[in-house]
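[1] Predicted coordinates and the sequence they were generated for:
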Amino acid sequence: MIASQRAGALSPLTICLAVLLLLASTASAAVLGIDFGTLNIKAALVKPGIPLDIVLTKDSKRKETAALAFKPTRDEKNNIVAKEGSFPERAYGGDALALQGRMPGEVFPNLKQLLGLSTQQAAERVATYKQRYPAVQVEHVESLGSSVFKSAAFPSEHPPYSVEELIGMELANIKRNAELMAGKGTPVNDAVITIPTFYTADEKRAIVHAAYYAGFNVLGLISDGLAVGLDYAKTRTFPDITKGESPEYHLVYDMGAGSTTASVLRFQSKSVKDYGKHNKTVQEVTVQGVGYDRTLGGDALNHVILDDFVAQLLAKSDVQSRGITEADIRSNGRAMARFWKEAERVRQVLSANSETSAGFEEILPDIDLRVKLNRSDFEKMTAEYAARVATPLERALEMAKLTSKDLKSVILHGGAIRTPFVQSRLEAVVDDKAKLRSNVNPDESAVFGAAFKAASLSPSFKVKEIRDSEAAVYPASLVYQDNGKERKQGLFTPTSQAGSGATVKQVTFKDREDFSFGFIQNVEGLDRPILSVKVDNLTASVDELKTKYGCEKDDMVTRFSVKLNANFALPDVLTGSVGCEVDDSVKSGSVGDSVKGWLGLGKKKDQEPLTDDEDDSPVEEVHATVSSASGSTQASSSTSASAETTSSPPKKRIEVVMLKFSTLPLGNVQPEAAQIQRLVERLKEFDASDRARTARDEAQNVLESYTYSVRDFLENADFGAVSTASQREAISTLLQTTKDWMESGEPGKATTEILKEKYQALKDLVDPIKLRRTEHTQRVTLVPALQKSLEKAKKSIAKYQDKIDKAKAALTASSSSTSSETPSASSDLDDLEEADTSSKAAPKATDEPSPLINLDLTSVQSKYDEISSWLAEKLAAQEKLKPFDDPVLLVKDIERRSTELGDAVADLVRRASVKPVVKKPPKPKASPKPKASKKTGSDESTPQEPQPADTPEAEGEKPVKGGESMEDMEDWLNKAKEKTKDSEVPPRDEL
C-alpha cells in the first residue's frame, strides 16, 4: 500500500518550481569582500567564472583612495552657484585628492575615524580631524548620533550629510566598479566588510548603515585579523586535534593608516560528523586574543612629518617678518592639504631610503619651502610611537594566555608595517625574529579573506569548509530590574566566541509579568548600553499555563536563550519561553515535549552540547533573580533539575509557551525608518544627477569630436565626387555655426537634448554623402561577385538537368528489358540460394535507381531567374544616375541576394546527394513452424543460421554460408525442426 502524503508536504511540481526559481536567482549571483581602510578601500569579487579577483578602479588600480569630493557648479565668473534641487559633481579616490589644492573644503578623506563615535570620543576625534583638514566643515551632532559635513556646493539651508552617507557614496562607487567587472545583468548586492577588532556596537552599526545606503546587504562583519587568517588558511591544512595533535598558534600584526591591531589565531583540523555515518575533516580558525592601539598607524607618523614641515616654515625669516603665526598656517586649508599629501609620500620613501627631500612652491603667497629629512631624524621624531609598537602584540598574547614561544609565526599585514623601526621593535619582543613573516600579501590578504567569508555565507557558492570564530573583545553583561534597582549579570567575557563553537546562554528569570531587560558592553572601563529587550506576552502566557494546565506561578520558569551573533559578534536573543512541570495527562511527544529540548527546559542531558552534525554550540545556565528569596528557590530548582538525570519522576512533562519580544538598539541615536528612507531617496537623486551629468558630458564630447570629423570630411576629395557644391556649402555653413556656438561657452549651459539635436543636424547632412561613397566603393566589388555566382549557378543547374535526363533514359531502358523476361517457378527454399561469389555477374539495371530521377530544379531555377532579372534591372537604373545621386542598387540588397542564391544552390546539392529509400522485395512464405517453448537451457540449444567462412567446413559440421549445397541446407533445416520439437514445454499434467 502506498503511504499517503503527509499534511503540509510540498508536491513534486512545487519543489521543481522552487528549485528553478532558486537556480534563476543564483545563476548570476556574485558576492563582494570589502576591506574598508582609513586610507584605501579594496574589494574582491567572487562570481561563477571569476573566482576571487580584485575589483579594479576606473583607472585600473587595485585599490581606491578612501576620499570623496564635491565639485560645485560655477558661473561665468567662477563663482559657486548653489541651488536647491541641484547636485554637484562627485569625484572619488585619487581624483578627489587632486582637488585638495584648489578646493580643500570640498574634499572629505579618511572618514573611517569618525564612524560611530560615542559622546566621550566625539570631541577629541573631530578636533583631530579638523586639525588635519582645517577647511572641512564638520561637527558632531549628539541628537543625530553622527558627525555631519557641510558643503559650499549646496545652499546653507540644505541638510548636511552625515559621515555614514558620505561613506555610503564611497561604497556605492565600489559597488559600481564591481558590477562593471561582474558583467551586465549581474548585480552585486551581498558583501562582507572588514573592521578593526576594537570596533564597538555603535561603530559596527554605523558601517552597516553606510553599506545599506550604498545598496549592500551586509552578510557579516569580519575583523581584519580573522580575515587575514582565513586567507592564510584557505590553501593550508593544520594539525588534527582528533588524532591528538596540537593546534598551531599564529599572530596577525596589522598596522594600517589609522590603527594597529594584533590577533592571536588558533589553527587546527578536526574530524566531525558528516551525512549519515560518515565523518569529515574541517579546518578551524579561532581568535584567541586581541590587542590594539586606536591611534597608532601611518597617519600618526605622517602627522609628525607634517608638524616638522610647519616648524621649518615658521623658522623662515620671511614668514617671521610678515608676522605669520602657527595658527595662521594650520588654519590654511590649501597649505595643510599640500603638507599632508607630501608627508605621506616622504614617510613611504623613508621606509626604503635613508633620506629624501620635499619642495613646496608658493606654499604661502610668495613663500617657498624646501625640506630635507633623513631616516634617523624621522625615527627620533617618532620615538614615542615606536615605544607603542609592541603593546598590541603583548596584550593579545596576554588575553590568549600564551607567550611568544607558543607562536609559530607572526604574520605581518598593513601598509605601515614596512616602516623599518616597526619590524625592529617586533623582533625585540618575539623570541625568534625568524617568526616574523610576510607569508601573505600585506595589502590584499584581508580583502581576500573577506571575500572568502562572503562566499562561504552565500548559498550560491561551495568553498572549502573553514569554521571561523571571532572573540567578543569587550565583556557584555545582562542588566535588569530587581525590586526597583538595576542589577548586572555578566554573560560574555572578552574571549567569548562568536561563531563556530559559541556558547548559548540560557538566562532564567522569575518574572511572571511583562518586563524588560537589556545588554551593556564595557568599552575600556565604560559601560555602554547596546540592546534593550521588551517581553510582550509574558503576562498572557502565565495566565494560559495557569488556566490550561493548573500551573502555579511559583513553579513557572521564564527563560531566554542568548548567544553572540556569528556575523557581528554582538549579543543576540534567540528565543524566549515560559514553562512549568505538569502531570502527564496526555501522551509524551506533545508540542511542549518537542520544544523543551532545544529550549533547554527539559532534562539536564537535553542541555548538553549538540553533536557536530547538528550544532556545536554548548549551553550554559545563567540565573537572573528578582530577589534573594527567589534566588534560593531557583537554586533548589536547579538542583532538582540535576536530580532528574538519575531519577526523573514518572508521568511528568514540561509545558512551554513561546514568548514574543521586541529588541531596540541602544547607544548612539539610530535613525528611524522614515528618516533612513529619506536619506536613501536623497542619495538616489544624487545618483540620478550624476547619470544625467555624465550623459550631457558624453553628448558634448560626441558633438565636439564630430565637428572635427566633418571638417576632415569636407577636405576629402573622394567625398567631393559624390556630392554637389550646394550640399557641401550647406554642411560648411552649419559646421561653422556649430563651432561658433561651442566656442561661445553656451554648451556649458545647454541640456543633453540640445547637444544631441545639434549633432543630429550635422549628421543628417553628412550621412547621405558618406553613404553614397561607401556604396560606390563596395558596389564595384560586390556586383562582379554576384554575377560570377549567377554564372556558376547557371552551370550547376544545367549539369544537374543533364544528369536527370540520363537517369530517366537509363530507367526507361531497364524497365523495357525487365518486362521482356519470363519468371520461372520457385520453391520454398529459393530464398536460401545465393549467387556464386567466385563467378562474375553482369550488374542489374534495377538494383539501385539513380537518386537524380526525382530531383526538382524548379525552385533553384526560379531563384536564379528572379535574381538575374533583378540585377539586370537595377544595374540599368544605376548606370543612369550621377555619382552624387542616391543609389538604387544598395550594398545590403546585393549581399541579401547573394545569400539567397547561395542558399538555393546549397539546397540543390543537398537534395541531389540524398539517396532514395529502396524497398526490399518481400521474402517468399515459408512452411509453418511449430511454436517454440520458453528457453530452459542455454542459447546453444537453438540452431543459428550458418555464417560465412573462408575455409570449407569439416565433415559432420553445419554447412557454412557460401559453401553449402541445396541438400545440405535441407538437411540442416530438418535437424533444426527436430530440436525445436524436443524443446517444447509438455502439458502441465506431464510435469
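    Thanks, I have the structure now. Numbering: from 1, shown residues only.

[2] gap between the helix or strand Ser898 falls within and the chain center?
    Element membership for Ser898, per DSSP states H and E: helix 891-913. Between the mean C-alpha point of helix 891-913 and the mean C-alpha point of its chain there is a distance of 47 Å (Cα atoms, centre = their mean, to the nearest Å).

[3] OK, contacts around Leu56?
    Residues counted as contacts of Leu56 (Cβ atoms under 8 Å, 6 or more residues apart in numbering) are 62, 177, 181. Heads up, the C-betas are built off the backbone N, CA and C, glycines and all.

[4] Now, of these, which are buried?
    When burial is judged by neighbour count using 16 or more other Cβ atoms under 10 Å, the buried members of the contacts of Leu56 are 177, 181.

[5] With distance to Thr119, secondary structure and pLDDT as added columns, please give the contacts of Leu56 in JSON lines.
    Putting these into JSON lines (distance: Cβ to Cβ, whole Å; DSSP: H, G, I helix; E, B strand; the rest coil; pLDDT from 0 to 100) gives the following:
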{"residue": "Arg62", "distance to Thr119": "38", "secondary structure": "coil", "pLDDT": "94"}
{"residue": "Asn177", "distance to Thr119": "36", "secondary structure": "helix", "pLDDT": "95"}
{"residue": "Met181", "distance to Thr119": "41", "secondary structure": "helix", "pLDDT": "92"}
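
[6] which one of the contacts of Leu56 is nearest Asp468?
    Arg62 (25.0 Å; Cβ to Cβ).

[7] Quick check: Ala566 touching Ala498?
    Yes: the pair Ala566 / Ala498 is scored as a contact, 5.9 Å apart, by Cβ atoms under 8 Å.

[8] Have a look at these two and say which one is more surrounded.
    Summary of the neighbour comparison: Ala566 and Ala498, criterion other Cβ atoms under 10 Å, with Ala498 having more neighbours (25 against 18).

[9] what residues are up against that one?
    469-472, 564-566, 568-570.

[10] Let me know the helix or strand that it is in.
    Using DSSP H and E, Ala498 maps to strand 497-499.

[11] helix or strand right after the worst-scoring helix or strand of the chain on mean pLDDT?
    For the chain, using mean pLDDT, DSSP states H and E, the weakest element among its helices and strands is helix 628-643, scoring a mean of 38. Scanning the chain past helix 628-643 towards its C-terminal end, the next helix or strand to appear is strand 652-658 (assignment: DSSP H and E).

[12] Which secondary structure elements does that next one sit against?
    Secondary structure elements in contact with strand 652-658, counted by 3 or more Cβ pairs under 8 Å, 6 or more residues apart in numbering; DSSP states H and E, are helix 538-549, strand 571-583, helix 591-599.

[13] okay if I get the ones you listed as JSON lines plus mean pLDDT, distance to Leu56 and mean neighbour count?
    What follows is these, written out as JSON lines (pLDDT from 0 to 100; distance: least, Cβ to Cβ, whole Å; neighbours: other Cβ atoms under 10 Å):
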{"stretch": "helix 538-549", "mean pLDDT": "92", "distance to Leu56": "55", "mean neighbour count": "16"}
{"stretch": "strand 571-583", "mean pLDDT": "91", "distance to Leu56": "37", "mean neighbour count": "20"}
{"stretch": "helix 591-599", "mean pLDDT": "45", "distance to Leu56": "47", "mean neighbour count": "17"}
